[in-house]
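Peer 1: Return a 3D structure for these sequence lines:
(2 chains)
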Amino acid sequence: MSVDRTLTAALAALANPAHRDFLLGLYSSGGQAVLTPDNARHILPLSQYRILVAHGRERYSLSRLLTHFFDDVTQRQRLNESLGDIADQHRSRVQELYHEYRHAVMNGNHRDIGKFADQFHGACADLAQTISSGIERLLAHIENNFAIVSSLSAKQRQNEYYLQQANKLNETLITLFRIDLIDYPLEYPELYNAYQAFLLDRRSEWTNEILRVISRLKTHLFRLRDAEPNLRRLRKLAGFLRQHPIYEFPEIADFSDPPDWLHHDPGHESVAYSDVTDAATIDELEGIARQIPARRIISSSARCAGTLKHRADSTPAELMAIPRYRKALQQFAHAVEKSPSPLSAIDWKQENSAAVELTDPLWLMLVLHGSTITTPPFPSLRLEPIGRRGTASISRNLYLTDIVVDGPTAYPGIAALRSVP
Amino acid sequence: MFEYVIFHLLRGEFICRVTHPEAFDYLADEGRFHEADGYLGRIGRRIATTPQQGGYYLAFTRISDTERKIIKGQFQEIKNSLRPTIHFFQAIMRAMEREDLLLLGAVLEKAQIMSQIDRDDWLRNELQTVAALFGTTPDGSQRTMLDRLMRKLVDAGYLVQTDAERGLYRVTSKIEYLNTVIAFIIDNEEALKGEFGDDPEPTADGPTLL
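Peer 2: Numbers count the residues shown, from 1 in each chain, chains lettered A, B, ... in the order given. Have a look, this model is predicted:
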């Protein structure tokens, strides 16, 4: 399709009355639409000429360029949605109804007195609502930075216009509280009660708020007027940087007298330490401590061959050396086992003096102790003690002089002591 | 509130209606402003305002060797971050088709930016370049990259997150400071005076934006 034919088709789509109404509604409601079976007959053809732009499968918005065009065309129209003008109309109505009531009272027209009193009551309520909502809407416009329009120039126009409206609201308030109603409170108490409840009691609140709004609108306008040159500078610098990717920003020659913006102190981070002795901080410190993740400790010990270590719950075995006298006793016992005839303990000791480093009595005691040992070969040995009685006639002492140890019979006990003459 | 104001100024923060609304209103009172300014004057500091009076920040009253050293470091930091910051704001203005992002209080919606990244190859590449200039690692999804970039701007003080759930951010008064820096550089750098033109911004599917 040639360019001319495309343009003609696009203009025809815009001029189509059905599409026109749809576009007007779309623009008034913010410029966004979701595709539905009802509006598909508008959205689909309009999106073919990029009058509507798709965002995903079902969301569409009015073309940015068309939105800007509509913004510029409708600025005067939009300005007619005024806040101060409407408030002024309501104020005039309140004043008018006051005079009507006054005339009715002076003429004794009781029917109209009631009617005008009711209407005055309603007019005061309407005026109060208009002033309150007007201030709220002005604040909302400032907070959202006149989001209803997207270009800076349109926002600036919006700001200037709403500043005018705010000033008009302020004038309305001044006029409202200068009228004669205030001077005749007792004469018409039923009017004054409504006037006071809806309007007079909120006078100072509204006055403060509207002055604050005016101040903010002026500040905002001041910023908006600088926004355009700032935007232009940023774009120019961005374009330059894109064309010169290795460009380095210049150094400042003299830091003794830097520009004002460089006087900025980047600041210091304050650090405070809790007093852990203060019981009031314990809970908070505990909460903080619980949030601190455990540190992961990675051990980097080198691998090497080692020996098994004892388990933590077991005590290591202690190696005890066998006493030499015990070894000697075992050697004697094995010697007895091998010997074809009984062996004398004393004789064996004398023959193996290097192994037995005990005196004869101790050696004999040890051999006797061998009778209590349950491990082989001791249970199979027969011990025959050799001894004598004391020389005194009445002596009952037994003197052990030797022990003869024989083969595998049990030890008969001390009663079998063989006497030695 | 006096203590709050002093501590936040001493931390180098910009106090404005977006970051600290009550503190900003506090300093808007002339008497309180002078009281705080006098207090800081005893330690060689003062309260400065951004060019459009959108924010207050701490400034030196005298420049000695110590302050000069701090200023040099700060200037180096500004130089290092200026290029990606400028490219970021320009790319986002293009993505959201708005011209008001250099204004205090302007709102950025992460979902909207993400939606545009998915559709616009130029924007995707541009933000990857910005991420590289900021020194962030390129791994991860586009969403992760955008999160990191927004975090960078928040840490630098240009943005503040107002609604984490909806991904809403607002521009702070530090943007006025940035505008001042840009104006200074353009006015004082010979290479920037003259015939460098508007940003070419090639687009795949439409005319050049405003």
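
Peer 1: quick one: which helix or strand includes the residue lying closest to B:Ala36 once chain neighbours are set aside?
Peer 2: Nearest non-adjacent residue to B:Ala36, counting by Cβ to Cβ, 6 or more residues apart in numbering or on different chains: B:Val5, 5.7 Å away. In this view, the C-beta of every residue, glycine as well, is placed from N, C-alpha and C. Assigned by DSSP states H and E, B:Val5 falls within helix B:2-10.

Peer 1: what sits up against whatever helix or strand comes next after that helix?
Peer 2: Next helix or strand after helix B:2-10 toward the C-terminus (DSSP H and E): strand B:15-16. Residues from elsewhere that reach strand B:15-16, judged by Cβ atoms under 8 Å, 6 or more residues apart in numbering or on different chains: B:5, B:8-9, B:23-24, B:27, B:50, B:54-57, B:104, B:172-173.

Peer 1: I'd like to know which of the residues you listed are buried.
Peer 2: B:5, B:8-9, B:23-24, B:27, B:50, B:54-57, B:104, B:172-173 (16 or more other Cβ atoms under 10 Å in any protein chain shown).

Peer 1: elements contacting the helix or strand where A:Leu241 lies?
Peer 2: Following DSSP H and E, one finds A:Leu241 within helix A:203-243. Applying 3 or more Cβ pairs under 8 Å, 6 or more residues apart in numbering or on different chains; DSSP states H and E, we find helix A:203-243 packed against helix A:110-143, helix A:152-176, helix B:65-96, helix B:174-188.

Peer 1: closest one to B:Leu123 among the ones you listed?
Peer 2: helix B:65-96 (5.3 Å; Cβ to Cβ).

Peer 1: need the buried ones among the contacts of strand B:15-16 in a markdown table with secondary structure and pLDDT, can you?
Peer 2: Below are these laid out as a markdown table (DSSP: H, G, I helix; E, B strand; the rest coil; pLDDT from 0 to 100):
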| residue | secondary structure | pLDDT |
| --- | --- | --- |
| B:Val5 | helix | 92 |
| B:His8 | helix | 91 |
| B:Leu9 | helix | 92 |
| B:Ala23 | helix | 93 |
| B:Phe24 | helix | 93 |
| B:Leu27 | helix | 93 |
| B:Thr50 | coil | 90 |
| B:Gly54 | coil | 89 |
| B:Gly55 | strand | 92 |
| B:Tyr56 | strand | 94 |
| B:Tyr57 | strand | 94 |
| B:Leu104 | coil | 87 |
| B:Thr172 | coil | 93 |
| B:Ser173 | coil | 92 |
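
Peer 1: tell me which of these is nearest to chain A?
Peer 2: B:Tyr57 (5.7 Å; Cβ to the nearest Cβ).

Peer 1: which residue sits closest to the closest one, ignoring its sequence neighbours?
Peer 2: Nearest to B:Tyr57 is B:Phe14, by Cβ to Cβ, 6+ apart, at 5.0 Å.

Peer 1: what's the burial count for that neighbour?
Peer 2: 27 (other Cβ atoms under 10 Å in any protein chain shown).

Peer 1: State the helix or strand in which A:Thr387 lies.
Peer 2: Quick fix: residue A:387 is Gly, not Thr. With DSSP H and E as criterion, A:Gly387 is part of strand A:382-389.

Peer 1: Check which helices and strands that strand sits against.
Peer 2: Using 3+ Cβ pairs under 8 Å, 6+ apart: strand A:382-389 touches helix A:360-369, strand A:398-406, strand A:418-419.

Peer 1: and the ones you listed, which is most packed in?
Peer 2: Among the helices and strands packed on strand A:382-389, ranked by average contacts under mean count of other Cβ atoms under 10 Å in any protein chain shown, first place goes to strand A:398-406 (a mean of 18).

Peer 1: Can you list the strands that it pairs with?
Peer 2: strand A:343-344 (antiparallel), strand A:382-389 (antiparallel) (DSSP bridges).

Peer 1: Now do the strand holding A:Gly387 against helix A:360-369, angle only.
Peer 2: Inter-element angle recorded for strand A:382-389 and helix A:360-369: 140 degrees (by axes from the mean of the first three to the mean of the last three Cα atoms, to 10 degrees).

Peer 1: Check which residues of strand A:382-389 are buried.
Peer 2: Those would be A:Arg382, A:Leu383, A:Glu384, A:Pro385, A:Ile386, A:Gly387, for strand A:382-389 by 16+ other Cβ under 10 Å.

Peer 1: Need the mean per-residue confidence for that strand.
Peer 2: Taken as a whole, strand A:382-389 has a mean pLDDT of 85.

Peer 1: Can I get that strand in CSV, CA atoms only?
Peer 2: Provided in CSV are the C-alpha atoms of strand A:382-389 (Å, rounded to 0.1, in the frame of the first residue of the first chain):
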residue,chain,number,x,y,z
ARG,A,382,50.2,-79.2,92.7
LEU,A,383,52.0,-77.2,95.3
GLU,A,384,53.7,-79.0,98.3
PRO,A,385,55.0,-76.6,100.8
ILE,A,386,58.2,-77.6,102.7
GLY,A,387,58.6,-76.3,106.1
ARG,A,388,59.3,-76.9,109.8
ARG,A,389,57.9,-76.0,113.1
